[in-house]
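Asks: next come a sequence and a model predicted from it.
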Amino acid sequence: GAGVSQSPSNKVTEKGKDVELRCDPISGHTALYWYRQSLGQGLEFLIYFQGNSAPDKSGLPSDRFSAERTGGSVSTLTIQRTQQEDSAVYLCASSLGHHGGSLDEQFFGPGTRLTVL
Amino acid sequence: GDSVTQMEGPVTLSEEAFLTINCTYTATGYPSLFWYVQYPGEGLQLLLKATKADDKGSNKGFEATYRKETTSFHLEKGSVQVSDSAVYFCALSETGGFKTIFGAGTRLFVKA
């Protein structure tokens, strides 16, 4: 079956512009995660959805970052007024969501590489 | 807060060599521990996991044992292959939680 897909695969934008990153999780997966991977760094947790709800948004780096999920499926991560330090690979993952993060295997998408000039 | 520390790479080995990638963690509760792998050009995928102390996770010849006394989850493989060249990430997740904390990753190169 289809895995997690993300679009676009690459995005180059100018400082100050808004960008939207999209994630299509595996069908039937109720949990969805966004991470950021900066060059040479590990994965930084951004936000988690269970269904359409995000119980914890504390990982979002600033109020320029927001995310939503509709219909328990597609999620969009929006970055407003992008800055150069936002340049990174943004990864999305989904899991069944039955047991919580401790037991669920997360399936990752290929990521969106964002470059802010 | 919770954190994961893993050895810096890159690690370069010859084929059939023994591999160890060290991983230690700090956590307030009783986390589950994971190793994820990212092969060149591919997304991250789960390699193995352990959910309680003394559990051993294993897959594809890789093993890691959850050591609560040393707060470690070192990844080992007895004989690496060129196809094992990838970036390996150690991670933890609190029991019943959803937030997964990843280490910085260790790049492994295996030479023929």
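Replies: Happy to help now that I have it. Note that the structure is a prediction, hence the values are computed from the model and not measured. Numbers count the residues shown, from 1 in each chain, chains lettered A, B, ... in the order given.
Asks: what's the pLDDT at residue A:6?
Replies: If you check residue A:6, the pLDDT there is 96.
Asks: any buried residues in the helix or strand hosting it, and which?
Replies: For residue A:6, the host element (DSSP states H and E) is strand A:5-7. Neighbour-count burial for strand A:5-7, counted by 16 or more other C-beta atoms under 10 Å in any protein chain shown, picks out residue A:6. Backbone N, C-alpha and C define where each C-beta goes, glycine included.
Asks: so what touches it?
Replies: Strand A:5-7 has contacts (C-beta atoms under 8 Å, 6 or more residues apart in numbering or on different chains) with A:21-24, A:90-92, A:109-112.
Asks: from those residues, list the ones also adjacent to chain B.
Replies: A:91, A:109-111 (C-beta under 8 Å from any C-beta of the partner chain).
Asks: coming back round to it: next structured bit after the strand holding residue A:6?
Replies: From strand A:5-7, the next helix or strand downstream (DSSP H and E) is strand A:10-13.
Asks: dump whichever helix or strand comes after that next one to PDB, keeping only the CA atoms.
Replies: Next in sequence after strand A:10-13, counting helices and strands by DSSP H and E, comes strand A:19-24. C-alpha atoms of strand A:19-24 as PDB (Å, rounded to 0.1, in the frame of the first residue of the first chain):
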ATOM      1  CA  VAL A  19       5.000  28.400   2.900                       C
ATOM      2  CA  GLU A  20       2.600  25.400   3.300                       C
ATOM      3  CA  LEU A  21       3.900  21.900   3.600                       C
ATOM      4  CA  ARG A  22       1.500  19.000   3.100                       C
ATOM      5  CA  CYS A  23       1.500  15.500   4.500                       C
ATOM      6  CA  ASP A  24      -0.700  12.600   3.400                       C
END
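Asks: for the chain, what helix or strand is lowest in average pLDDT?
Replies: You didn't say which chain, so I picked chain A. strand A:53-56 (a mean of 85; mean pLDDT, DSSP states H and E).
Asks: I was after chain B.
Replies: Ranking every helix and strand in chain B by mean pLDDT, DSSP H and E puts strand B:100-102 at the bottom, with a mean of 89.
Asks: contact residues of chain B facing chain A?
Replies: Checking chain B against chain A by C-beta under 8 Å from any C-beta, the hits are B:4, B:31-32, B:36, B:42-46, B:49, B:51, B:89, B:91, B:93-105.
Asks: ok, residue B:48 touching residue B:62?
Replies: Yes. Counting by C-beta atoms under 8 Å, residue B:62 is a contact partner of residue B:48 at 6.1 Å.
Asks: now do the shared contacts for these two.
Replies: residue B:35.
Asks: from the contacts of strand A:5-7, which is closest to chain B?
Replies: Distance to chain B across the contacts of strand A:5-7 (C-beta to the nearest C-beta) is lowest for residue A:110, with 5.0 Å.
Asks: burial count for the residue found closest to the closest one once you drop the neighbours it is linked to in the chain?
Replies: Closest residue to residue A:110 apart from its sequence neighbours, by C-beta to C-beta, 6 or more residues apart in numbering or on different chains: residue B:43 at 5.0 Å. By other C-beta atoms under 10 Å in any protein chain shown, the residues close to residue B:43 number 18.
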